[in-house]
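Student: sharing a model that was predicted from the sequence below.
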Amino acid sequence: IADRHKGSDKNVWVEFGRLAVEHKAVNLGQGFPDHFPPQYVRDALSDVSNSDSELLYQYTRSYGHPRLVNVLSVLYSRLIQRDIHPMDEILITVGAYGALYCAVQGLINPGDEVIIIEPYFDCYEPMVRAAGGIPVFIPLEPTKSGAVVSSADWKLDPEELTRKFSDKTKAIFLNTPNNPLGKVYRYEELELIANLCKKHDVVVFADEVYEWLIYNPNEHIRIATLPDMWQRTITIGSAGKSFSVTGWKTGWAIGPSRLIYALQKLHQNCIYTCPTPIQEAVAIAFEKEMPQLEKPECYFNQLPLELIEKRDRMVRFLREAGMIPTIPEGGYFMLADYSKLKVDIDYKPDEPRDLQFVRWLTKNKKLAVIPPSAFYSQQHKHLAEDMIRLCFIKARRALATKFYKKKKRA
Ligand code: PMP
Ligand code: GLN
């Protein structure tokens, strides 16, 4: 393994995904739905795969299939409230992962500092390190304890955040709604970050893959829409999350051409172009939803309504089991404090407790979840030791059949 990747060889999805399979556990770990995407999304790809247009079987434009960048430019011009150029201001990538990778590799120089708010989607840290960047961590603080905790109670300390910015700061990751916490940032919180970014000339990597999964009464605010923030923000989205097709691995980065240029140049030499049929099918799916964005039948309005029920059901289930969930305002993950449970585990001091608890839970109770210390830097892993992360978009088949019914019968 090359020196710049040393230390990144452990990966929570690989380790705990394998463990779940090995123990045939109900998998509430890795985040992907257990329901089918809408029928028209499935039809789109099946039609494309039998298309009479021979072009759809071959490579398409490097920076994004024209039909897809065109529809995304119309959609995001509306969402971000400015004219977005389909060719110069959008890059289509292999999932949001690809967009994050191109952003970091395309813009970070060795020695640049990159602020990462904890808990964070785990790949941010190794991506920054592989680029020679220096991650600077700041944890969200749970400001409330007790039986009812919301992700809104987790806050940044404004003074601490201010101290993290310096002349060396090149970028900050902002993930809203956040994975794993479900926090949806408020205007005032975004404004604080935006003002610091403007003061120190910092770029925002705005990971908004859960942009449609917002639970009432919360509102998704794009930091790119704050005053003078378009020119320093890369907004990242995912077809996998938008249409419940995580296996389609199609994502995008949207921003000013001055920044997107760097991502496009990186992309052209490592991926070159993403699969044509998938991009065509995602374009068809967006074209279908575009005219009905404000209507209840829009998939982006329906899915959160289904999910809020699953969220609340999981909250009840966790409380009955003696845990304290943090109720998420968005996304499809939830943290829960398990420390009040009485379990017979001989914890070893050399590893965060959540890892040991999750292994025990998977092996002995056949329930697979994710240890959230994976979303913290080495020095802050202890902050997550009492928690597990659960994914509730799977709740229908996994939880409903196996756990809830068993409980009812008991
Ligand atoms: N960012 C966050 C916050 C995520 O949870 C994920 C996981 N899907 C990604 C990015 C990567 O998305 P994709 O599957 O489109 O690569
Ligand atoms: N985003 C998903 C999660 O957080 C999947 C991550 C992955 O598979 N690498 O569970």
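Tutor: That came through, no problem. Ligands and ions are numbered 1, 2, ... in the order given.
Student: does any bit of the strand or helix carrying residue 15 sit next to ligand 2?
Tutor: Using DSSP states H and E, the element containing residue 15 is helix 12-22. Yes. Applying CB under 6 Å from any ligand atom, one finds helix 12-22 touching ligand 2 at residue 13. Every residue, glycine included, has its C-beta placed from N, CA and C.
Student: is ligand 1 contacted by that helix?
Tutor: No. Between helix 12-22 and ligand 1, judged by CB under 6 Å from any ligand atom, nothing touches; the nearest distance is 9.2 Å.
Student: list of residues touching that helix?
Tutor: Helix 12-22 is contacted from outside by 25, 27, 29-30, 122, 358-359, 362-363, 368, 370-371, 374, using CB atoms under 8 Å, 6 or more residues apart in numbering.
Student: now, those that are in helices?
Tutor: Judged by DSSP state H, helices contain the following of these: 358-359, 362-363.
Student: got a PyMOL select line for the buried ones in those residues?
Tutor: One line in PyMOL is enough to select the buried members of the ones in helices among the contacts of helix 12-22, burial here meaning 16 or more other CB atoms under 10 Å:
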select buried, resi 358+359+362
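Student: farthest pair within the ones in helices among the contacts of helix 12-22?
Tutor: Longest distance between any two of the ones in helices among the contacts of helix 12-22 is 9.6 Å, between 358 and 363; criterion CB to CB.
Student: C-alpha coordinates for the host helix or strand of residue 44, PDB please?
Tutor: Per DSSP H and E: residue 44 is located in helix 39-49. Presented in PDB, the C-alpha positions along helix 39-49 are these (Å, rounded to 0.1, in the frame of the first residue of the first chain):
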ATOM      1  CA  GLN A  39     -41.700   1.700 -10.900                       C
ATOM      2  CA  TYR A  40     -40.900   4.500 -13.400                       C
ATOM      3  CA  VAL A  41     -37.300   4.500 -12.300                       C
ATOM      4  CA  ARG A  42     -37.000   0.800 -12.900                       C
ATOM      5  CA  ASP A  43     -38.800   1.100 -16.200                       C
ATOM      6  CA  ALA A  44     -36.400   3.900 -17.300                       C
ATOM      7  CA  LEU A  45     -33.300   1.700 -17.000                       C
ATOM      8  CA  SER A  46     -35.000  -1.300 -18.500                       C
ATOM      9  CA  ASP A  47     -36.200   0.900 -21.500                       C
ATOM     10  CA  VAL A  48     -32.700   2.400 -21.800                       C
ATOM     11  CA  SER A  49     -31.100  -1.000 -21.800                       C
END
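Student: next helix or strand past it?
Tutor: On the C-terminal side of helix 39-49, the nearest following helix or strand under DSSP H and E is helix 66-80.
Student: next, count neighbours for residue 141.
Tutor: The number of residues packed near residue 141 is 14, by other CB atoms under 10 Å.
Student: now the strands for the stretch 151-300 of the chain?
Tutor: Here the stretch 151-300 of the chain has its strands, by DSSP state E, counting those that start in this stretch, at 154-155, 169-175, 203-207, 233-238, 250-254.
Student: nearest to ligand 2, out of those strands?
Tutor: For the strands of the stretch 151-300 of the chain, the distance to ligand 2 is smallest for strand 233-238, at 8.7 Å, taking CB to the nearest ligand atom.
Student: quick check: the residue of the protein nearest ligand 2.
Tutor: Here the residue of the chain nearest ligand 2 is residue 31; by CB to the nearest ligand atom that distance is 3.0 Å.
Student: and that residue, how far is that from ligand 1?
Tutor: The gap separating residue 31 from ligand 1 is 6 Å, by CB to the nearest ligand atom, to the nearest Å.
Student: name the nearest residue to that residue, ignoring sequence neighbours.
Tutor: Spatial nearest neighbour of residue 31, chain neighbours left out: residue 391 (4.6 Å); criterion: CB to CB, 6 or more residues apart in numbering.
Student: ditto for residue 57
Tutor: Among residues not flanking residue 57 along the chain, residue 276 sits closest, at 7.2 Å (CB to CB, 6+ apart).
Student: is it true that the one you found touches residue 61?
Tutor: No. Using CB atoms under 8 Å, residue 276 makes no contact with residue 61, being 9.3 Å away.
Student: neighbour count for the two, which is higher?
Tutor: The neighbour comparison of residue 276 against residue 61 (other CB under 10 Å) goes to residue 276, with 21 against 16.
Student: ok, now how distant is that one from ligand 1?
Tutor: Distance of residue 276 to ligand 1, computed by CB to the nearest ligand atom: 18 Å.
Student: show me the contacts for that residue.
Tutor: Per CB under 8 Å, 6+ apart, neighbours of residue 276: 55-60, 65.
Student: greatest separation within the residues you listed: which pair is it?
Tutor: Going by CB to CB, the pair spanning those furthest: 57 and 65, at 12.8 Å.
Student: which one's more surrounded, the two?
Tutor: Neighbours were tallied for residue 57 and for residue 65 using other CB under 10 Å; the higher tally belongs to residue 65 (25 against 11).
Student: now that one. Nearest residue, chain neighbours left out?
Tutor: Nearest one to residue 65, counting by CB to CB, 6+ apart, is residue 279 at 3.6 Å.
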